[in-house]
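>>> I need the structure of the sequence given here:
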Amino acid sequence: MGNVFGGPDQSLYLSNGGTEAFIDVLMLAVSDLAAEVWDYRFAALLSLQDQNVRGRGAVGFHLQDIAWGTNRQARARAKTFVLRATALALTRHRWDELGYDPPFVQEYLRRFKIMVEAFQPADGPRCAGGFPGPKERAVASCAQHRILSALPYWDGCFLCIRCT
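Residues are numbered from 1 along each chain as shown. Got it, this is the predicted structure:
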């Protein structure tokens, strides 16, 4: 059993453990880069992929189901944010905080980066179920770990949840 992160032409199928590592390292990067409302919505999407809360093999998203923006400039900015976060994660940014070494996650990140680079968001607003709206964005940050959280959905960030 695993999870799928997909694009229109290619997908990234990950085991449950691979998914956990992939989301963890992206959350560390996204938490440090988020500055605009859309960034915090993307952070909420990532934090909602926590299998310890939602169930193993029950997460994943497709790029075409994300509301990238209503105009070309907004879509380009959103895509650039995802690529910047992925690039930062590829540098092993804050991985020492994980408590484990994710051996395959750099390859997952490289494949995800290729998917995002090739993806062309559709014109106009698009938001299939699952992409958090502006009011559901991740505005809370764990004081201990400095990681954005999906409060009030979860009780803390992914590191807090695993420590309890």
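
>>> Quick check: G18 vs L63, distance?
Applying CB to CB, to the nearest Å, one obtains 18 Å for the distance of G18 from L63. For every residue, glycine as well, the C-beta is placed using N, CA and C.

>>> Now do stretch 105-117: everything it contacts.
For stretch 105-117, contacts defined as CB atoms under 8 Å, 6 or more residues apart in numbering pick out 5-7, 10-12, 14, 18, 21-22, 25-26, 63, 79, 82-83, 86-87, 89-90, 92.

>>> how many neighbours does T86 have?
Per other CB atoms under 10 Å, the neighbour tally for T86 reads 22.

>>> Once you drop chain neighbours, what's closest to it?
On the basis of CB to CB, 6 or more residues apart in numbering, the spatially nearest residue to T86 that is not a chain neighbour turns out to be K113, at 4.7 Å.

>>> Averaged pLDDT, the helix or strand hosting that neighbour. What do you get?
Secondary-structure assignment from DSSP states H and E places K113 in helix 105-118. Averaged across helix 105-118, the pLDDT comes to 96.

>>> is F5 in a bridge, and if so with what?
As for beta bridges, F5 partners with L12, F61 under DSSP bridges.

>>> wait, it sits on F61?
Yes: using CB atoms under 8 Å, F5 makes contact with F61 at a distance of 6.1 Å.

>>> Assign the residue nearest in space to the middle of the chain to helix, strand or coil.
Centroid-nearest residue in the chain: L46, 3.3 Å away (criterion: CA atoms, centre = their mean). Secondary structure assignment for L46 (DSSP: H, G, I helix; E, B strand; the rest coil): helix.
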